[in-house]
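J.: Quick one, what's the 3D model for this:
(2 chains)
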Number of protein chains: 2
Amino acid sequence: MTDLPTHAEIHEEGPREGFQIEPGPISTADKIKLIEALAETGLKHIQACSLVNPRLVPGWADAEAVLTGFKTRPGVEYTALWFNANGLERALAFRGKLTLHGAIALTASEAFTRKNLNRSHAENVEAMRKQTSLHLAKGIPVDRVGVMAAFGCNYQGDISPAQVIRTLEDGLAIATEAGTNITLFSLADTMGWATPARIERVLGEVRSRWPDKRLALHLHDTRGLAVANAHAGLRMGVSRFDATVGGLGGCPFAGQKGAAGNICTEELVLLCEEMGIKTGVDLDQLIEVGRMAETIVGHQLPSELIHAGSLDAFRRLAA
Amino acid sequence: MTDLPTHAEIHEEGPREGFQIEPGPISTADKIKLIEALAETGLKHIQACSLVNPRLVPGWADAEAVLTGFKTRPGVEYTALWFNANGLERALAFRGKLTLHGAIALTASEAFTRKNLNRSHAENVEAMRKQTSLHLAKGIPVDRVGVMAAFGCNYQGDISPAQVIRTLEDGLAIATEAGTNITLFSLADTMGWATPARIERVLGEVRSRWPDKRLALHLHDTRGLAVANAHAGLRMGVSRFDATVGGLGGCPFAGQKGAAGNICTEELVLLCEEMGIKTGVDLDQLIEVGRMAETIVGHQLPSELIHAGSLDAFRRLAA
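T.: Numbers count the residues shown, from 1 in each chain, chains lettered A, B, ... in the order given. Purely as a prediction, here's the structure:
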């Protein structure tokens, strides 16, 4: 089945994913510089920071300073990530500058839920029920169900498509009870277990069950297959992707230090544009921002494209 | 069209590609150690060295010492690369230990032929005519036509499928004239221009024209799309791939230093095995050899998988 979208909506998460895991310290000014440079490339969705406990994620202890400091560009949506009522309050303080969305975030792996959140899946469902009500009470739309570890788990092994379906059903039940309408399913390959064949199987079952829901993928390149997985996703009609410039980020759940982060935004843009799928991004400009990110973190990033240059740059030379 | 092979034949080129480009110096003993370790993983085809001018490629000045030094493993085919009569003579000295194959090696880009070989395409055809006769006179089979820059060129830009077809026709004409039968076409993405869509287009045209020829791909990960391209190739029925352990190698033709090398053998094995395509390789053992390669070259290699560990390793932990 081929069902290519005409446009791919890319959600840039480089600042949030990258600076929470980089050993740093990275200056507040550098974080602001990267966010502002990303907005110049044509990217329309930028996750600016993580509003989490600074003792757990010291890299984002300066989240408020970053949110205060960066200049917005018209037409660009800036978001943040939070996990609890305290994070939500911090986000609400930047309402207007930040676009606030709530998500019902579940995990397809019971073992990972316990490891990551110290909760059972049932307890997590209960927590999401409360969080959804809280978001809606604050006037924040909740239109998305996210499923982590949707393609496999370092603690539980393979995850069946049926398990992903059940997890989505749990999310939809929470939404129905709260009286909110879910339009988007976001499936995350949290620990890099996805392969193109697995993407096809899981997305095939999800689309058969819910043909009207839009699908997003959050891919990690932990085992080098992220671009191949994105390609498989595009063929299955996925039209929204999270990505990080330069491949910023990392996988704290992989076996070794140095494991790769998310799919590189610029490699995803190259893939889409060469397939005739519009992203709205100026790839050469984005490559420059990837190189800037490399300078900011002070070490080589996983993106191959920022080291090689775009095809268009060579096409212009050859013309 | 999906036409998956049941088995993928992987030709490991890590020693040859890697040590010709690594700044080194790498000791002869380390080169031998890597070749011997690769043979223990289940890989059946290992390109051991490059028999080229040591002034141009100082990393392979010790080719004879390596060829003399490594112990062969039964059932494994060891090969070498050479470009001219002098290299051929050096290879013939190791006949028996090395399996000698000749190839008719052409380039789909006139600009790259001039840049890389300082010849026109017509002059290159003439050189290949002579080299083919020379190989056959020495009793070396010539059963392969290789096309470099088959998916694009940093000096000429996009390469059309029609240009690849014409180049293969030139190769077949040389073979016919010399009275040898070509069974394999090897298409090389020398400068990292391939995308999955381009792989499908080019391979589709080649297969339509010559449905009986076996296809091989030599992919570089210059712009991060190599695994996605391999996946597209498998779907088009490609059953033979060159690859390098750890992603050893590099692209001397890319815009920047630090550009990636070939597709990583271990990521290709992961892709194939998870699709049910047999490779005969023990992936966990190969990952250990990738880590050994990293130690030998003294810097991080592009392979993500050697840093994360295989899925099977985590499956065993989770079971």
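J.: quick one: contacts for A:L234?
T.: Applying C-beta atoms under 8 Å, 6 or more residues apart in numbering or on different chains, we find A:L234 in contact with A:L4, A:P5, A:A8, A:L271, A:C272, A:M275, A:I277. To be clear about C-beta, it is placed using only N, CA and C from the backbone, and glycine gets the same treatment.
J.: how about 6 Å then?
T.: With contacts defined as C-beta atoms under 6 Å, 6 or more residues apart in numbering or on different chains, the neighbours of A:L234 are A:L4.
J.: Tell me the secondary structure of A:D212, please.
T.: Look at A:D212: counting by DSSP: H, G, I helix; E, B strand; the rest coil, its state is coil.
J.: Neighbours of it, how many?
T.: A count of neighbours around A:D212, defined by other C-beta atoms under 10 Å in any protein chain shown, yields 6.
J.: gap between it and A:G102?
T.: Distance check for A:D212 against A:G102: by C-beta to C-beta, to the nearest Å, it reads 21 Å.
J.: got it, and A:R223?
T.: Distance from A:R223 to A:G102, counting by C-beta to C-beta: 31 Å.
J.: Among those two, which residue is more densely surrounded?
T.: Using other C-beta under 10 Å as the criterion, A:R223 and A:G102 rank with A:R223 on top: 33 against 22.
J.: Would it be right to say that that one lies in a helix?
T.: No - secondary structure of A:R223 (three-state DSSP): coil, not part of a helix.
J.: you'd agree it is up against B:L305?
T.: Yes - at 4.7 Å, A:R223 and B:L305 qualify as touching, with contact defined as C-beta atoms under 6 Å.
J.: now the strands for the stretch 201-319 of chain A?
T.: Ranges of strands in the stretch 201-319 of chain A, per DSSP state E, counting those that start in this stretch, are A:214-219, A:240-243.
J.: Export those strands as a markdown table, with columns for distance to chain B, mean pLDDT and mean neighbour count.
T.: Putting the strands of the stretch 201-319 of chain A into a markdown table (distance: least, C-beta to the nearest C-beta, whole Å; pLDDT from 0 to 100; neighbours: other C-beta atoms under 10 Å in any protein chain shown) gives the following:
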| stretch | distance to chain B | mean pLDDT | mean neighbour count |
| --- | --- | --- | --- |
| strand A:214-219 | 12 | 97 | 23 |
| strand A:240-243 | 12 | 98 | 25 |
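J.: what would the ones you listed look like in a markdown table with distance to A:L317?
T.: Conversion of the strands of the stretch 201-319 of chain A to a markdown table gives the following (distance: least, C-beta to C-beta, whole Å):
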| stretch | distance to A:L317 |
| --- | --- |
| strand A:214-219 | 32 |
| strand A:240-243 | 27 |
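J.: Which among these is found nearest to B:A91?
T.: strand A:214-219 (43.8 Å; C-beta to C-beta).
J.: Can you tell me what sits against the closest one?
T.: A:183-189, A:226, A:229, A:233, A:238, A:240-242, A:263.
J.: Of all pairs in these, which one spans the longest distance?
T.: In terms of C-beta to C-beta, these reach their longest pairwise distance at A:T183 and A:A226, which sit 25.0 Å apart.
J.: what about those two, which has more around it?
T.: The residue with more neighbours, out of A:T183 and A:A226, is A:A226; 31 against 12, by other C-beta under 10 Å.
J.: That one and A:I263 touch, don't they?
T.: Yes - the criterion here is C-beta under 6 Å, and A:A226 meets it with A:I263 at 3.9 Å.
J.: how about the closest residue to A:V142 other than its chain neighbours, what does it touch?
T.: Leaving out its chain neighbours, the residue that sits closest to A:V142 by C-beta to C-beta, 6 or more residues apart in numbering or on different chains is A:G102, at 3.8 Å. Counting by C-beta under 6 Å, 6+ apart, A:G102 touches A:H135, A:I140, A:V142.
J.: For the stretch 201-319 of chain A, give me the ranges with low pLDDT.
T.: Along the stretch 201-319 of chain A, segments meeting pLDDT under 70 span A:254-258.
J.: which residues of it fall in helices?
T.: Using DSSP state H, counting those that start in this stretch, the helices of the stretch 201-319 of chain A run over residues A:226-235, A:265-274, A:283-297, A:305-308, A:311-318.
J.: Buried deepest among those, which one?
T.: helix A:305-308 (a mean of 28; mean count of other C-beta atoms under 10 Å in any protein chain shown).
J.: Which elements pack onto it?
T.: With contacts defined as 3 or more C-beta pairs under 6 Å, 6 or more residues apart in numbering or on different chains; DSSP states H and E, helix A:305-308 has these neighbours: helix A:283-297.
J.: what's in contact with the helix it packs on?
T.: The contact list for helix A:283-297 (C-beta under 6 Å, 6+ apart) reads A:22, A:30, A:34, A:37-38, A:41, A:245-246, A:248, A:266, A:269, A:301, A:303, A:306, A:310, A:313.
J.: just the angle between it and helix A:311-318, please?
T.: 120 degrees (axes from the mean of the first three to the mean of the last three C-alpha atoms, to 10 degrees).
J.: Give me the nearest residue to A:E40, chain neighbours excluded.
T.: A:E40's closest residue in space is A:Q285 (C-beta to C-beta, 6+ apart), at 6.6 Å.
J.: Find the nearest non-adjacent residue to the residue nearest the centre of chain A, please.
T.: Taking C-alpha atoms, centre = their mean, the centroid of chain A lies closest to A:D242, which sits 3.6 Å from it. Counting by C-beta to C-beta, 6+ apart, A:D242 lies nearest to A:H218, which is 4.3 Å off, once chain neighbours are set aside.
J.: So which residues on chain A come close to chain B?
T.: Applying C-beta under 6 Å from any C-beta of the partner chain, one finds that chain A approaches chain B through A:154, A:156-157, A:195-197, A:221-225, A:227-228, A:231, A:254-256, A:258-260, A:267, A:274-275, A:304-305, A:307-309, A:314-315, A:318.
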